[in-house]
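Student: Here is a sequence with its predicted model. Questions after.
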Amino acid sequence: MQARNESITVFGVGVGSGINEDELKEIANDPDSTHVFKLQRFDELLSVLKQSLTEKACDVSVEIPVKLFCEYFSSL
């Protein structure tokens, strides 16, 4: 995957009852426990973004787009 070659962190997010967990795990970076998310409803997505993805994204060396992402979701 080109994103991994560029050192981009990739998350796998599935919503609903027909989630293919193996596919999410294949898409996402390791470890799966922190990069794969299974949600029942779309309204859970904001909570996951704010809590989990922001922590991961803001924990790396940041460039301007990531800083904006962190600032936006931290303010929600």
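Tutor: Yes, it's here.

Student: Could you tell me how many residues sit around Val13?
Tutor: Per other CB atoms under 10 Å, the neighbour tally for Val13 reads 19. The C-beta positions use only the backbone N, C-alpha and C, and glycine is treated the same way.

Student: mind listing the helices for this protein?
Tutor: 2-5, 21-27, 32-35, 45-48, 54-57, 64-74 (DSSP state H).

Student: Would you mind checking the average pLDDT for the last one?
Tutor: Spelled out, it's helix 64-74. Average pLDDT, helix 64-74: 63.

Student: ditto for the second one
Tutor: Mean pLDDT, computed over helix 21-27, is 95.

Student: With the third one instead?
Tutor: Confidence over helix 32-35, taken as the mean pLDDT, stands at 88.

Student: And the contacts of it?
Tutor: Where contact means CB atoms under 8 Å, 6 or more residues apart in numbering, the residues beyond helix 32-35 that reach it are 9-12, 25, 28-29, 52, 56.
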